[in-house]
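Trainee: Below is the sequence, then the predicted model.
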Amino acid sequence: MPNKPLNILLADDDEDDRFFFKEAIDKVKVKTNLTLVNDGVELMRYLYNPENIKPHVVFLDLNMPRKGGIECLEEIRANKDYKDLMIAIYSTSASDSDIEETFVKGANVYIRKPNDFKVLRKVLSDVLSINWQYHTSGLNIEHFVLSI
Amino acid sequence: MKRTAFNIKFLSISSVVLITVTVFLWFYQGDIESVVVEKIHITNNHPLIFFLATVTIFLFLILVATHFDSKKLSQTNKKLQILNQSFLQAEKLASLAHWNYNCKTREFYFTENLKILLGIQLHDFKPSIKSFMRLIHHDDQREVWTAFKDTIRYSKPFNIIHRIISQDGHVKYIKTVGELILDSQRNRYLICISMDITEMTLKNRILESKNRKLEIFNSDLASFNYVASHDLQAPLRKIQMFISRINESDANNLTPNAREYISRIHAAAGYMQLLINDLLMFSRTNAASKKFEKTDLNEVLNNVINELNEIIECKRVKFRYDTLPIIEGIPYQLHQLFFHLISNSIKFSNPEIIPEINIVSQEIGRKDEITDTVTKVIKIDIIDNGIGFDKQYSEKIFNLLFRLHDRDKYQGNGLGLAICKKVMENHNGSIEAFSNEAGSIFSLYFPLNCQDQLSKQS
């Protein structure tokens, strides 16, 4: 397990955000293999293609053109192949309604996009070192939003 | 009526004839020789006179009684007339008319006002249900007809709004209610009241369109909130992100001037973010959807203290507080309220002494200036030993964007107390501020008897 890289997928339509994410993930100590997609449609196309590597964790922006994050979340959770896929919401907004909806629809963690690079690095390192199986067994909305 | 008049006439004539005969007999006692009657000897106490006198008196009494009776009748009649008149007048005033339809004879009876209501001339209107139907707007005829038929068939009362077209071509909105009744002979009547609701309907239309506009305005506001919370924050967040990247990796390559500029950009961006967040919070406080629920203020206070933990420890703030009540309220708004008040107390603490914050809760009677009654309220005082403020600002400090200090000295944007005031208004309460050399007191008043109403409103 420690030598195997963690497969990470980020769906975000914002170029700058993808850039920050890539830079931050490169600096995280955990060995990772990052795939970037530009929106929900691309994400679903990637997941449905059996030739692609299955990700361990998907970071999902909510506000994307064509297909938004919540739509993707519903679609992923409805697919039994991806029942256990870890989904981290990665969004600018932290409105109560978004948090509640994504929690109810089965996301594993909610990250509000930070405004400091150091914080972003710490968040990613925290999320990637969570023992997911353990984390999901005690689902609780209070622990759903990752506090920075 | 006719029968009574006839009776009176008959009685009066017979009385007069009998009186004449009796008096005549009385005076000419004993000597009467009649052509009709054979020679009769009549004396003063002859049974005929006695009989006639009795009958006369009897008839006279009946006459008197009938007269009084008829007087009473005519009085009642007059009253009825007045009543009828005032009924018609009332119909006119209320813009309604009453009509009925005899299901057997197909007679259509209506009060005068129906013609005014429907805008028709008397001679044009043949009183029948068909001519009434003809006045109804073409699109509504089927519905009205069905209502009539169903009422007659199933004796189911109806209540419909339909249009009619008056003779001058105006469309009027009429509300007609009706039901089937049986008279003493078990004849079926369709009894209806029609009222002109044109004015009301048009006013409603205006209100509806205003309401729609308001809804659009509200949804615009909601989308503005979304824009502010998302679209406006995203570029700002990226500016901050890039600054943090420069600071982290390239700060050493910058000239001291450039470093200074970068740090100023950083501060300005930070302030802008604070402003966006607080404006957003303020506009959310205004939001129409307010969900009241039982809120334990002790829990709210503990959460706020936890949230401010870092600065509380840093400034070594001493807290002392009573057990707070559980109230009907909007939890996140109450959280904001305590958050702003306590962070203000910490922010404006006196640097020379250890900051102390006391929170005192009590139930008191408070006089309402408008209704002049004393009501029970929960008063919560947040007392600090900070720098306070000048008495003249005790009301102004709650104004939107009002600030007392330079941003260099004390961070802030003049929204915190405006939010507090809004929150208290949303809870039908109020907030007051006092200050002296010892510090400031912010008093919150939550109405006690309003708690039930508040929960009903939600």
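Mentor: Structure received. The structure presented is a predicted model; accordingly, all values stated were derived computationally and were not measured.

Trainee: all contacts plus neighbour counts: C-alpha atoms, from now on.
Mentor: Will do.

Trainee: how near is residue B:69 to chain A?
Mentor: For residue B:69, the distance to chain A (Cα to the nearest Cα, to the nearest Å) stands at 82 Å.

Trainee: Assumed that residue was part of a helix.
Mentor: Yes: Residue B:69: assigned to a helix according to DSSP: H, G, I helix; E, B strand; the rest coil.

Trainee: my guess is residue B:421 contacts residue B:400, does it?
Mentor: No: the criterion here is Cα atoms under 8 Å, and residue B:421 misses it with residue B:400 at 9.7 Å.

Trainee: Which one's more surrounded, the two?
Mentor: The residue with more neighbours, out of residue B:421 and residue B:400, is residue B:421; 20 against 17, by other Cα atoms under 10 Å in any protein chain shown.

Trainee: element containing the more buried one, please.
Mentor: helix B:416-426 (DSSP states H and E).

Trainee: ends of stretch A:51-71, how far apart?
Mentor: The straight-line separation of the ends of stretch A:51-71 (Cα to Cα, to the nearest Å) is 23 Å.

Trainee: Quick test: name the residue nearest the centre of chain A.
Mentor: In chain A, the residue lying closest to the centroid (Cα atoms, centre = their mean) is residue A:59, at 1.7 Å.

Trainee: What separation do you get for that residue and residue A:109?
Mentor: From residue A:59 to residue A:109 the distance is 9 Å (Cα to Cα).

Trainee: what touches both of the two?
Mentor: Common neighbours of residue A:59 and residue A:109 are listed as A:87, A:88, A:89 (criterion: Cα atoms under 8 Å, 6 or more residues apart in numbering or on different chains).

Trainee: and residue A:143, how many neighbours?
Mentor: Neighbour count for residue A:143, taken as other Cα under 10 Å: 13.

Trainee: swap in residue A:121?
Mentor: 21.

Trainee: What distance do you get for it to chain B?
Mentor: Taking Cα to the nearest Cα as the measure, residue A:121 falls 11 Å from chain B.

Trainee: buried set for the helix or strand harbouring that residue?
Mentor: Following DSSP H and E, the helix or strand that holds residue A:121 is helix A:117-129. Neighbour-count burial for helix A:117-129, counted by 16 or more other Cα atoms under 10 Å in any protein chain shown, picks out A:117, A:119, A:120, A:121, A:122, A:123, A:124, A:125, A:127, A:128.

Trainee: again, but for stretch B:418-437
Mentor: For stretch B:418-437, by 16+ other Cα under 10 Å, it's B:418-424, B:426-427, B:429-431, B:433-435.

Trainee: hmm, back to that, just checking, what packs against the helix holding residue B:421?
Mentor: With contacts taken as 3 or more Cα pairs under 8 Å, 6 or more residues apart in numbering or on different chains; DSSP states H and E, helix B:416-426 sits against helix B:256-286, helix B:331-347, strand B:430-436, strand B:439-447.

Trainee: name the helices or strands packed onto the shortest one?
Mentor: So that's strand B:430-436. Counting by 3+ Cα pairs under 8 Å, 6+ apart, strand B:430-436 packs on helix B:416-426, strand B:439-447.

Trainee: So, low pLDDT: which residues of the chain?
Mentor: Here I'm looking at chain A. Along chain A, the parts satisfying pLDDT under 70 run over A:1-3, A:131-142, A:147-148.

Trainee: The chain in question should be chain B.
Mentor: Along chain B, the model assigns pLDDT under 70 to residues B:1-8, B:11, B:25-45, B:122-124, B:226, B:228-230, B:286-290, B:407-408, B:449-458.

Trainee: Which parts of it belong to which domain?
Mentor: B:2-87, B:95-196, B:232-286, B:288-457 (automatic domain parsing).
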